[in-house]
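*Asks:* Next input, structure requested:
(2 chains)
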Amino acid sequence: AQKVTQAQTEISVVEKEDVTLDCVYETRDTTYYLFWYKQPPSGELVFLIRRNSFDEQNEISGRYSWNFQKSTSSFNFTITASQVVDSAVYFCALSDSNYQLIWGAGTKLIIKP
Amino acid sequence: GAVVSQHPSRVICKSGTSVKIECRSLDFQATTMFWYRQFPKQSLMLMATSNEGSKATYEQGVEKDKFLINHASLTLSTLTVTSAHPEDSSFYICSARADGTQDTQYFGPGTRLTVL
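*Replies:* This is a model prediction of the structure:
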């Protein structure tokens, strides 16, 4: 069975702190894609990153970075020097062979000024 | 690029009426669109997969006669909630997958439906 687990329900940090959001997945597919989406209070889902299962290189985009570890089936997301605007719910998702997304429960990130 | 619009953003209706929600891919063609429902503080629940020119595929437990989906063109899919009841109140989100984008779904801003 395919599954995505985001064990952290809610995280609260003070602005400028670094924060890591965990994502662990389960799949029997050898080819798959992993995603992170951000959902701010407005509700719109914002695409952040897609990672192919064959590409284990870590990725950095500004203050955002992602650590993909196939050995531990994890795809963690780190925000460095967090800002209040980063406050949102973040979802990790896995794409199955039918192109449907298997969603994690989401992690609510609160950045306090 | 990859912008998806959804209309209306909010709708309030009386119980028993039908509500139509439109989802449009503005700058790309989408063979496949998805409709989700999201309850407060929960993750997204896939309702159905909409393929252009064919019948939608509904997830288990989703009534196809209740939630009518039409994908008439490569840029437009509609969800009609028929005979809406208060329990249908929710946040409905559509997404579109552009061909050749390696499974990436781009999401609309969502529609907040309140049935009185």
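*Asks:* Chain A contacts on chain B?
*Replies:* Counting by Cβ under 8 Å from any Cβ of the partner chain, the residues of chain B close to chain A are B:2, B:32, B:34, B:42-44, B:46, B:49, B:91, B:93, B:95, B:97, B:102-110, B:112. C-betas here are computed from N, CA, C, even on glycine.
*Asks:* out of the residues you listed, which are buried?
*Replies:* Neighbour counting by 16 or more other Cβ atoms under 10 Å in any protein chain shown classes B:2, B:32, B:34, B:43-44, B:46, B:49, B:91, B:93, B:95, B:97, B:103-110 among the residues of chain B next to chain A as buried.
*Asks:* Which positions in chain A make contact with chain B?
*Replies:* Residues of chain A lying close to chain B by Cβ under 8 Å from any Cβ are A:33, A:35, A:37, A:42-47, A:50, A:52, A:91, A:95, A:98-101, A:103-106.
*Asks:* Filter the residues you listed down to the buried ones and express that as a ChimeraX selection.
*Replies:* A single ChimeraX command selects the buried members of those (16+ other Cβ under 10 Å):
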select /A:33,35,37,43,44,45,50,91,95,100,101,103,104,105,106
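*Asks:* Please list the members of the residues of chain B next to chain A that lie in helices.
*Replies:* Using DSSP state H, no member of those falls in helices.
*Asks:* For A:N98, which residues are in contact?
*Replies:* Contact analysis of A:N98 by Cβ atoms under 8 Å, 6 or more residues apart in numbering or on different chains lists B:T49.
*Asks:* Equivalent analysis for A:S42, please.
*Replies:* Per Cβ under 8 Å, 6+ apart, neighbours of A:S42: B:P109.
*Asks:* so how far is B:F91 from it?
*Replies:* From A:S42 over to B:F91 the distance is 11 Å, taken as Cβ to Cβ, to the nearest Å.
*Asks:* Tell me if I'm right that A:D22 and A:T9 touch.
*Replies:* No - applying Cβ atoms under 8 Å as the test, A:D22 and A:T9 come out as separate, 11.3 Å apart.
*Asks:* can you give me the strands for the chain?
*Replies:* Picked chain A for this. Along chain A, the stretches classed as strands by DSSP state E are A:3-5, A:10-14, A:19-21, A:24-26, A:33-39, A:46-52, A:59-61, A:64-69, A:74-79, A:88-95, A:101-103, A:107-112.
*Asks:* oops, I was thinking of chain B
*Replies:* Using DSSP E, the strands of chain B run over B:4-7, B:10-13, B:19-25, B:30-38, B:44-51, B:57-58, B:67-73, B:76-81, B:90-98, B:105-107, B:111-115.
*Asks:* any chance of these in JSON lines, plus mean pLDDT?
*Replies:* Converted to JSON lines, the strands of chain B look like this (pLDDT from 0 to 100):
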{"stretch": "strand B:4-7", "mean pLDDT": "96"}
{"stretch": "strand B:10-13", "mean pLDDT": "96"}
{"stretch": "strand B:19-25", "mean pLDDT": "96"}
{"stretch": "strand B:30-38", "mean pLDDT": "92"}
{"stretch": "strand B:44-51", "mean pLDDT": "93"}
{"stretch": "strand B:57-58", "mean pLDDT": "94"}
{"stretch": "strand B:67-73", "mean pLDDT": "91"}
{"stretch": "strand B:76-81", "mean pLDDT": "96"}
{"stretch": "strand B:90-98", "mean pLDDT": "93"}
{"stretch": "strand B:105-107", "mean pLDDT": "91"}
{"stretch": "strand B:111-115", "mean pLDDT": "96"}
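*Asks:* would you turn those into CSV with distance to A:V84?
*Replies:* Listed next are these as CSV, based on distance: least, Cβ to Cβ, whole Å:
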stretch, distance to A:V84
strand B:4-7, 27
strand B:10-13, 26
strand B:19-25, 31
strand B:30-38, 24
strand B:44-51, 25
strand B:57-58, 40
strand B:67-73, 37
strand B:76-81, 34
strand B:90-98, 24
strand B:105-107, 23
strand B:111-115, 24
